[in-house]
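Asker: Sequence and predicted structure below; questions after.
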Number of protein chains: 2
Amino acid sequence: MSLGEFDLIAKYFDRPARRNPLGVGDDCALLAPAPGMQLAVSTDMLVEGRHFLPTVSAEALGHKALAVNLSDLAACGAEPLAFMLALSMPKVDEAWLAGLARGLFALADAHEIELVGGDTTAGPLNLCITVMGQVPAGTALLRSGARPGDQLWVSGQLGLARLWLEALHGPVALDGTDFTAARLAMELPNPRLALGRALRGIASSALDLSDGLLGDLGHVLRRSGAACHRDRTPLGAEIEIDRLPRHEALARQPEPIQQLCMLCGGDDYELLFTAPPGAHGAVLEAAAAAQTAVTCVGRITPEPGTRVIDRNGAPIATPWASFDHFAGPTP
Amino acid sequence: MSLGEFDLIAKYFDRPARRNPLGVGDDCALLAPAPGMQLAVSTDMLVEGRHFLPTVSAEALGHKALAVNLSDLAACGAEPLAFMLALSMPKVDEAWLAGLARGLFALADAHEIELVGGDTTAGPLNLCITVMGQVPAGTALLRSGARPGDQLWVSGQLGLARLWLEALHGPVALDGTDFTAARLAMELPNPRLALGRALRGIASSALDLSDGLLGDLGHVLRRSGAACHRDRTPLGAEIEIDRLPRHEALARQPEPIQQLCMLCGGDDYELLFTAPPGAHGAVLEAAAAAQTAVTCVGRITPEPGTRVIDRNGAPIATPWASFDHFAGPTP
């Protein structure tokens, strides 16, 4: 590398730690969660060609690599503390590194999370971020807490990132404004940290939507079923298709495209959560306090399986209703 | 992937967490450091072709990927708690994954550290591990604590892993026994966790030797100088070449090869640490309690620069004595 590893770290990534006892530069970083807090930890790896295109701007990539990790903290209701960055790249490109650092630290500063360590090496482009946050012991939002009768909620809007992929690779044509909106949804997801924290003690379960609503909902149904049924039978869910919140760019598309993008979309990074019907008002208040839109889109059922229904409760004829949670959609 | 991501995780990597409140399977893992403890965190990324050859066994790779991370915890004096594994691989090879898991968990179990989460994705082979350990607040061994007059110590033996590289790529010929010893030094480093913990309160500074003695020593000299000199002038060191501990396979080599391997070797994963002369006996007792060999190899000096000397204190004519801590050896 033209710029040495240590120079590179010093120039782009070494900022003094303020919230944490020891940041970049020693064998380990040191963190001190407050008394009574547990540490929430998550890691996500982004690989060029699989999670992002070579054409994405470094700044957007820096934002997204941290955002998808922060989204996991949000889904646990945790407050961000620190993150580690491991970066493998074919060559040192200073303009690219400066952009990456800009995107990364803008989002980090917005959520008061500090980069406290990492690793840089030569190799195919790969970003691996590990985030650490804290949550009062026993209050983390888990995937396993949904119960039959709970209402099913989502934050924000669904399917816009997938619409961008359909426009890039599929038959969908978007005008300039819609294309930009869809691209920004894919590149600059907004981790719902304030909402996640506000839902502690209110939501019965939560996770973040990274692989699509039906697939991710399956994790909640399986884990919650395993937690409340002796034979570990999964729970089920009903989703009212008309209630699913969608951006106007998506609402302009034919119905099958809307369904595909909202039900199987991926890359939404919205929260999917459940709460007892009696907590309906509390959910709305928490969302208002967090300045985040939320929508009640269905409910948890005792019998397994996910049914997509219309406003009259009739199952709708969507190929996605038979979604296999392991193999993906099977239209 | 033939085996789905979730099946793969369940089959090879999902084991119940015992030490930590929540392990694999939710958006985050949950950790609870004991009261009064700080969390020590480190991450290392291993890339095929750069950190390991495609021919290395999966089991050895699993061991080494975790060992190099545990070595960072050892260098801080931390007790391991949990680790995350992010794994990018071109295709799902079950025999390979089983071997990787075997190597990984054998070392994890030996040090009672739990895999609590991670990420798997398709892409060029890349392993990124983040380790978390705990250390009583204020007792972590840092790189910045060395002071002039301190003795300089190393654990174990130096240079054997580099000797293997010299035999693979260079002019060195090794017989079968020596070649195997050198290969095992490269593939199966032994993180010095017991020694690191035993040195808390005794050593003034520590780090682990991953890039070679002279280069890594430079980090200690710069950070310690910055911590004790108002103008941040680095400290210096004298190393007695004859005291450096070496395996008999290395001792059989010509002197220049020995010097290269021990001074600039890399991949030793031994601890380099300093302690005041008055703590000499305490260091030996700590090492005996940790059942780890240690050797006093020199001392820290107030004037900057690293001098390699013979047993009479005369500088020896070694090209490595002019080692540049950024550009590498300059023979």
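Answerer: The structure has been received and is ready for your questions.
Asker: A:I257 is in contact with A:A167, isn't it?
Answerer: No: look at A:I257 against A:A167 with Cβ atoms under 8 Å: they stay out of range, at 10.0 Å. Yep, even glycine has a C-beta here, placed from its N, CA and C like the rest.
Asker: Quick one: mean pLDDT for the host helix or strand of A:L195?
Answerer: Here A:L195 is covered by helix A:193-198, with elements defined by DSSP states H and E. Averaging pLDDT along helix A:193-198 gives 98.
Asker: Could I have the CA atoms of that helix written out in PDB?
Answerer: As requested, the backbone C-alpha atoms of helix A:193-198 are provided in PDB (Å, rounded to 0.1, in the frame of the first residue of the first chain):
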ATOM      1  CA  LEU A 193     -32.700   3.900  17.000                       C
ATOM      2  CA  ALA A 194     -35.000   6.400  18.700                       C
ATOM      3  CA  LEU A 195     -38.000   4.200  17.900                       C
ATOM      4  CA  GLY A 196     -36.300   1.100  19.200                       C
ATOM      5  CA  ARG A 197     -35.400   2.700  22.500                       C
ATOM      6  CA  ALA A 198     -38.900   4.200  22.800                       C
END
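Asker: Now for the residue most central in space within chain A: which residues touch it?
Answerer: Geometric centre of chain A, nearest residue: A:Y269, 3.0 Å, by Cα atoms, centre = their mean. Shown in contact with A:Y269 (Cβ atoms under 8 Å, 6 or more residues apart in numbering or on different chains): A:67-68, A:71, A:189-192, A:208-210.
Asker: wait, which of those residues is closest to chain B?
Answerer: Among those, A:D208 lies closest to chain B (Cβ to the nearest Cβ), at 6.1 Å.
Asker: and A:L217, helix, strand or coil?
Answerer: Assigned by DSSP: H, G, I helix; E, B strand; the rest coil, the conformation of A:L217 is helix.
Asker: Now do the contacts for it.
Answerer: Contacts of A:L217 (Cβ under 8 Å, 6+ apart): A:152, A:237, A:239, A:272, A:306.
Asker: What distance do you get for the third one to chain B?
Answerer: Yep, that's A:I239 we're talking about. Distance of A:I239 to chain B, given as Cβ to the nearest Cβ, to the nearest Å: 21 Å.
Asker: Can you verify that residue is assigned to a strand?
Answerer: Yes: under three-state DSSP, A:I239 sits within a strand.
Asker: so it touches A:T295, yeah?
Answerer: No: taking contacts as Cβ under 8 Å, A:I239 lies outside contact range of A:T295: 11.2 Å.
Asker: More neighbours: which of the two?
Answerer: A:I239 (22 against 18; other Cβ atoms under 10 Å in any protein chain shown).
Asker: Do a quick rundown of the strands in chain A.
Answerer: A:29-31, A:37-47, A:79-89, A:114-122, A:126-136, A:151-155, A:205-208, A:236-240, A:271-275, A:294-301, A:305-309 (DSSP state E).
Asker: quick one on the thing from earlier: just the ones of the contacts of A:Y269 in helices?
Answerer: Under the assignment DSSP state H, the contacts of A:Y269 contribute A:67-68, A:71 to helices.
Asker: Now cross-check those residues against chain B and list the overlap.
Answerer: Applying Cβ under 8 Å from any Cβ of the partner chain, the subset of the ones in helices among the contacts of A:Y269 adjacent to chain B comprises A:S71.
Asker: Tell me the one of the ones in helices among the contacts of A:Y269 nearest B:A226?
Answerer: Lowest distance from B:A226 to these (Cβ to Cβ) belongs to A:A67, with 34.3 Å.
Asker: Count the neighbours of that closest one for me.
Answerer: Under the criterion other Cβ under 10 Å, the count of neighbours that A:A67 has is 23.
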